[in-house]
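Student: sequence first, then the predicted structure:
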Amino acid sequence: MGTVFLSDLILLVGSALVLLGTVSSLLAARFGAPILLVFLLLGVLAGEAGPGQIHFSDYWATYLVGSAALAVILFDGGLRMRASTMRGALAPAVLLSTVGVLLTAGLVGLAAIPLLGLPPLESLLVGAIVASTDAAAVLFLVRAQGLRLGRRVGAVIEIESATNDPAAVFLTVALVEIIASGAANPGWALTAGLAQQMVLGAAMGVAGGFGVAFVVNRLDLPSGLHPAMVVAAAVLIYAATAMMHGSGFLAVYLAGLVLGNRPVRSIAAITSFHDTVTWLCQIVMFVMLGLLLSPQRMAQYVPPALAIAAFLLLVGRPVAVFLCLWPFRFSWREKAFISWAGLRGAVSIFLATIPMLAQLPGADVYFNVAFVVVLVSLILHGWSLVFAARRFGVALAEPLREARRFEIDLPGQSEHELVAYPVTADTLAVSSGLLPLWARLVLVVRKGQVLSPQEAGVLRAGDYAYLLAPPRRVQRLDPFFMPEERPRGEIGAGFPFAGNVKLGDVADLYGLFVRDQDRVVTIAEAFADRTDDRPLPGMRFAVGTAAIEAVTVEEGRVTQAALRFEALGEEGVSVPRRLWEQVRRRFGKGQDLGLPS
Amino acid sequence: MPLADLLAREAVFPSLRASSKKQALQELAQHAATLLGRDPREIFETLLQRERLGSTGVGNGIAIPHGKLPKLDKLFGAFARLEKPIDFEALDGEPVDLVFLLLAPEAAGADHLKSLARVARMLRDPATADKLRGTRDAGAIHALLTATQASDAA
């Protein structure tokens, strides 16, 4: 009876905490408090220092749950990262996540010698524990606050945080082993071990990602099981890699990255499920870390830990960032922001449990110092990151708004997926009035009324659009419902073409690409094909790098159209900008040409 | 390619006389042919061929006749300010008095497009158009057309 009661009690308390965690997000939203901090405080309140009076000091359980949660969070991070965004950010990020981590750890280690009065190796361990930025915190803070960073800066921070755990984990584990065994000079073995962690982690991650994609696409599981399978696979990849002494975190992030950038069946269900699971993991992890904290024991470490936090944020991290980014073309503002965006999070606390588990004598010091540093970072960064981004001029004007896609499971077949989008102004769907050929608008809800596509005509802001699309392409609908990057100020500079001109002739004039079978199609026919014989002025479709827009429509036929070059990259625009434009064209505007690739 | 590279000072005609679209194109083709050392008929045909697909009158009194000319070694631009506005079958129906001719080599590709877009963007700026209409001085027009670049790149 005793154990049954205990399990029920644990369930009761655990679920109550998760419930409180979900509700407390409202609090966070209302007061603008960093949400991860709110979760953590909830844990602290429930713990021995607060009214909850739960005495929890199981470092092993923390480690276990923490690694699973981190694996899922990192996998989700990879899943959402578009490979195209990574261009130009990979090298700096990787340098930061290796050399940068070592530099930060070393600098903090040096500072910790006098501040904590520890011997060099143990000081270095403190440095290693707080050296890596936390992917969960970064992904979360940036995304949850809708902060929209310049592509390269955003990608560097994100990739760095996702890939620097191996270095920190490895350094921590190695130092713990050395300190525990009393061995003197680590030297080579350290570097070799680090290399092994990274290479193995990368290999397992990429292989795992392709494997998962393959299996998901091959197996016909009952709907709803694909996401579950993917989560299990993510944790499996993490665990298997870690057991082989590779970096599990790196592996799981890369696996997510591969999966997210491949055509995968029911990817929409998978990502939306992961969204939920990631939230759950964040809540569980931070509440648990809060529970683990004992303010009484922490109190004595607060002053030196604050000094270490200050040193880390103001000296260690900036020095490492500026040195690592030296070879790359970043402005000082970008470097300053990247320096500031060194968010610490669960990973550091989690790393601090490793010396606890190894029962090192100074474990208590490391743990509490790490905790204070993370708290400082959560509070300081949580509140200042958006401001800093504006201040350093790396934030883009409007906060990132994503296309909100809803999925509806269609029983009985897997060829099509039914998805719904709220339609907002400034989206391609509204401005061009076009949808890709492979997507079929099935109904429109306008002002509470259900309309057929014929009744509804062109989508308007405020509508809800329901579309059928092949599962593999569902994601590619998003760009049509995402607020456009920046409206090109002037509209109008277009070269007139009569509706009876063939696409091939237009293409030849300007060296634009058109599929062979489209060459003989006239502009009017192309519009008719793409709009179900209902073209309207203002609709457009892409021809190579330009767009053809309907200008005059008479009796359902486009008689006058204009060729627009607005989407063209300009000379004098930076190379990344141009690349970005190309990427946008490929995934955004270039798509409504109706190429069924 | 900056406009300064494709528009020579000699290719600016501050007060061209033409009474019709066809005549304007003929005049411009003639001038271009002289500057390029080519057959004026070939250039005129190229322009006409393009006009058959749709007028190059882009609105606001501006036309940008263009086309691809075989064996041209680089983009060639010429600008004419018409003494009297003429009907150009433009989209907005407005008569045209500012004409920018752009000839591209067969393989110009993206450069051709970019230059067209750039010319269109520049001429569509009402302030620039007003200034162009307000002077008969070829040097001033050339300076206007080749100077107003850097600011609008982004």
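Tutor: Great, that's in hand. Just so it is clear, the model here is predicted, and its values are computed rather than measured.

Student: state whether residue B:89 is indeed within a strand.
Tutor: No. Secondary structure of residue B:89 (DSSP: H, G, I helix; E, B strand; the rest coil): coil, not part of a strand.

Student: contacting residues around it?
Tutor: Residue B:89 makes contact with B:21, B:55, B:57 under the criterion CB atoms under 8 Å, 6 or more residues apart in numbering or on different chains. The way it works is simple: take the backbone N, C-alpha and C, and place the C-beta from them, glycine included.

Student: if we go to 10 Å?
Tutor: A:496, B:21, B:51, B:54, B:55, B:56, B:57, B:63, B:96 (CB atoms under 10 Å, 6 or more residues apart in numbering or on different chains).

Student: kindly report the same for residue A:355.
Tutor: Shown in contact with residue A:355 (CB under 10 Å, 6+ apart): A:59, A:122, A:125-126, A:129, A:172-173, A:175-176, A:179-180, A:361-367, A:370.

Student: excluding its backbone neighbours, what's nearest it?
Tutor: What sits nearest to residue A:355 in space, not counting adjacent residues and going by CB to CB, 6 or more residues apart in numbering or on different chains, is residue A:363, at 4.2 Å.

Student: likewise residue A:203?
Tutor: residue A:246 (7.5 Å).

Student: please apply the same query to residue A:78.
Tutor: Nearest one to residue A:78, counting by CB to CB, 6+ apart, is residue A:256 at 2.5 Å.

Student: again with residue A:521
Tutor: residue A:503 (5.3 Å).

Student: hang on, the earlier thing: touching, the residue nearest to residue A:203 and residue A:204? I think so.
Tutor: Yes. Under the criterion of CB atoms under 10 Å, residue A:246 makes contact with residue A:204 at 5.5 Å.

Student: all helices of the stretch 51-200 of chain A, in order?
Tutor: All helices of the stretch 51-200 of chain A, identified by DSSP state H, counting those that start in this stretch, fall at A:59-80, A:90-95, A:101-116, A:120-131, A:135-144, A:151-163, A:165-181, A:188-218.

Student: comparing these by mean pLDDT, which bottoms out?
Tutor: Lowest mean pLDDT within those: helix A:135-144, at a mean of 69.

Student: can you give me the buried ones in stretch A:357-369?
Tutor: Counting neighbours by 16 or more other CB atoms under 10 Å in any protein chain shown, one finds that the buried residues in stretch A:357-369 are A:360, A:362, A:363, A:364, A:365, A:366, A:367, A:368, A:369.

Student: in the stretch 251-400 of chain A, which spans are helices?
Tutor: Taking DSSP H, counting those that start in this stretch to define them, one finds helices in the stretch 251-400 of chain A at A:267-292, A:295-299, A:302-311, A:317-324, A:332-340, A:346-357, A:363-391.

Student: would TSV of those helices with distance to residue A:95 be doable?
Tutor: Below are the helices of the stretch 251-400 of chain A laid out as TSV (distance: least, CB to CB, whole Å):
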stretch	distance to residue A:95
helix A:267-292	28
helix A:295-299	34
helix A:302-311	22
helix A:317-324	5
helix A:332-340	12
helix A:346-357	19
helix A:363-391	22
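
Student: out of the ones you listed, which is the most enclosed?
Tutor: A comparison of these by mean neighbour count, using mean count of other CB atoms under 10 Å in any protein chain shown, puts helix A:346-357 on top with a mean of 25.

Student: I'd guessed the residue nearest to residue A:521 sits against residue A:548; true?
Tutor: Yes. Counting by CB under 10 Å, residue A:548 is a contact partner of residue A:503 at 8.1 Å.

Student: the more surrounded of the two?
Tutor: Neighbour count, other CB atoms under 10 Å in any protein chain shown: between residue A:503 and residue A:548, residue A:548 has more, with 26 against 23.

Student: any buried residues in the one helix or strand the more buried one maps to, and which?
Tutor: Here residue A:548, judged by DSSP states H and E, is contained in strand A:546-554. Under the neighbour-count criterion of 16+ other CB under 10 Å, strand A:546-554 has A:546, A:547, A:548, A:549, A:550, A:551, A:553 buried.

Student: contact partners for the spatially most central residue of chain A?
Tutor: Central residue of chain A (CA atoms, centre = their mean): residue A:77, 4.1 Å from the mean position. By CB under 10 Å, 6+ apart, the contact set of residue A:77 is A:135-136, A:138-140, A:143, A:158-159, A:161-162, A:252-253, A:256-257, A:260, A:274, A:278.

Student: what ranges do the helices span in chain B?
Tutor: For chain B, the helices defined by DSSP state H cover B:3-6, B:21-36, B:40-53, B:110-124, B:126-133, B:138-147.

Student: which of those helices sits closest to residue A:444?
Tutor: Residue A:444 lies closest to helix B:110-124 among those, at 34.9 Å (CB to CB).

Student: return the distance of stretch B:66-74 from the chain's centre.
Tutor: Centroid separation between stretch B:66-74 and its chain, computed with CA atoms, centre = their mean, to the nearest Å, is 14 Å.

Student: let me see the domain layout of chain A.
Tutor: Domain assignment for chain A by automatic domain parsing gives A:2-51+A:59-397, A:406-481, A:495-592.

Student: rewinding a little: check what pLDDT the residue nearest to residue A:355 gets.
Tutor: pLDDT, read off for residue A:363, is 86.

Student: list the contacts of it.
Tutor: Counting by CB under 10 Å, 6+ apart, residue A:363 makes contact with A:59, A:125, A:176, A:352, A:353, A:354, A:355, A:356, A:357.

Student: between the residues you listed, which is closest to chain B?
Tutor: Closest to chain B out of these is residue A:352 (46.9 Å), distances taken as CB to the nearest CB.

Student: what about residue A:98, neighbour count?
Tutor: 19.

Student: just the buried members of the contacts of residue A:77?
Tutor: Taking 16+ other CB under 10 Å as the criterion, what is buried in those is A:135-136, A:138-140, A:158-159, A:161-162, A:252-253, A:256-257, A:260, A:274, A:278.
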